[in-house]
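Participant: just coords:
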Ligand SMILES: [Zn+2]
Ligand SMILES: [Zn+2]
């Protein structure tokens, strides 16, 4: 038991220290997610201001500060809080003989770095696409995912507006993804993480980007806006589930972009009764099953 407690405290302490060191620039710049997130956010925000898609949308759109708060909460406060639990689980799995290498089907460690990163990026994106579909498919999960879909005016900061439970729900398949790749992250995985943050910010931004013919590979603001549309095609529980890549939606025919004016109504049926503040939005998913929505 002491083992577990130690693992918990060490991991918790470690992430507090790491975050603090990031804030005061005492970590290598390329692993500095704190200032990295701020830099990417400012960059995309400036582009939104210079080249707005919906020209009448305010620079400080509805829920801008709420979403900015979500961004830091999910990325730093929550990851510090959960780090101890994840470490304890890791020790537990090790004790029962399951290691990160147990499921390895390909060993990417022998690949050149660019290929390691590419495979890592594609596999992680695919397992997240599957998780995202489940968040829409099952009511109990959807009630958590509603936080992300309660945004009514779209801008880059909505990217990280989501219930902290999503961090937990995405984790098992992400770990599975890493396990089938031989149980390790490429040493330069931070490149993949930063690229994913930037693509996610762009997907939610008020900038009309489609990437031209590359839109069949990369997700984009036009496609993702329809993921947030209030009215879905009849009989479906969602469209355009892509995270960084749009490829999966085209392969599995869940793609849907009827037009690109950028003015489609956002949200979900029943969202006018959805809580408006951080605290209640976070309690909502744990409440009794909701009748509507
Ligand atoms: Zn969604
Ligand atoms: Zn979104």
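Facilitator: Nice, I can see it. What you see is a predicted model, and the numbers here were worked out from it, not measured in a lab. Ligands and ions are numbered 1, 2, ... in the order given.

Participant: Tell me which helix or strand residue 231 sits in.
Facilitator: Taking DSSP states H and E as the definition, residue 231 sits outside all helices and strands.

Participant: For it, which non-adjacent residue is spatially closest?
Facilitator: Leaving aside its sequence neighbours, residue 231 sits nearest to residue 265 (CB to CB, 6 or more residues apart in numbering; 7.1 Å). Yep, even glycine has a C-beta here, placed from its N, CA and C like the rest.

Participant: Contacts for the host helix or strand of residue 283, please.
Facilitator: Per DSSP H and E, residue 283 falls inside helix 278-284. For helix 278-284, contacts defined as CB atoms under 8 Å, 6 or more residues apart in numbering pick out 66, 69-70, 73, 143, 146-147, 150, 163-164, 274-275.

Participant: if we go to 6 Å?
Facilitator: 147, 275 (CB atoms under 6 Å, 6 or more residues apart in numbering).

Participant: Same question for that helix: list its buried residues.
Facilitator: 281-282, 284 (16 or more other CB atoms under 10 Å).

Participant: avg pLDDT for it?
Facilitator: Mean pLDDT, computed over helix 278-284, is 94.

Participant: Please compute how far it lies from its chain's middle.
Facilitator: Helix 278-284 has its C-alpha centroid displaced from the chain centroid by 19 Å (CA atoms, centre = their mean, to the nearest Å).

Participant: now swap in stretch 211-223 and tell me
Facilitator: With CA atoms, centre = their mean, you get 18 Å for stretch 211-223.

Participant: first vs last residue of that stretch, how far apart are they?
Facilitator: For stretch 211-223, the first and last residues are 11 Å from each other (CA to CA, to the nearest Å).

Participant: Give me the buried positions along that stretch.
Facilitator: 211, 215, 218-223.

Participant: so is residue 258 in a helix, a strand, or just coil?
Facilitator: Classification of residue 258 by DSSP: H, G, I helix; E, B strand; the rest coil places it in coil.

Participant: Distance from the one helix or strand in the chain whose mean pLDDT sits lowest to the middle of the chain?
Facilitator: Within the chain, confidence by mean pLDDT, DSSP states H and E is lowest for helix 78-95 among all helices and strands, at a mean of 84. Distance, stretch centre to chain centre, for helix 78-95: 20 Å (CA atoms, centre = their mean).

Participant: Thank you kindly, that will do.
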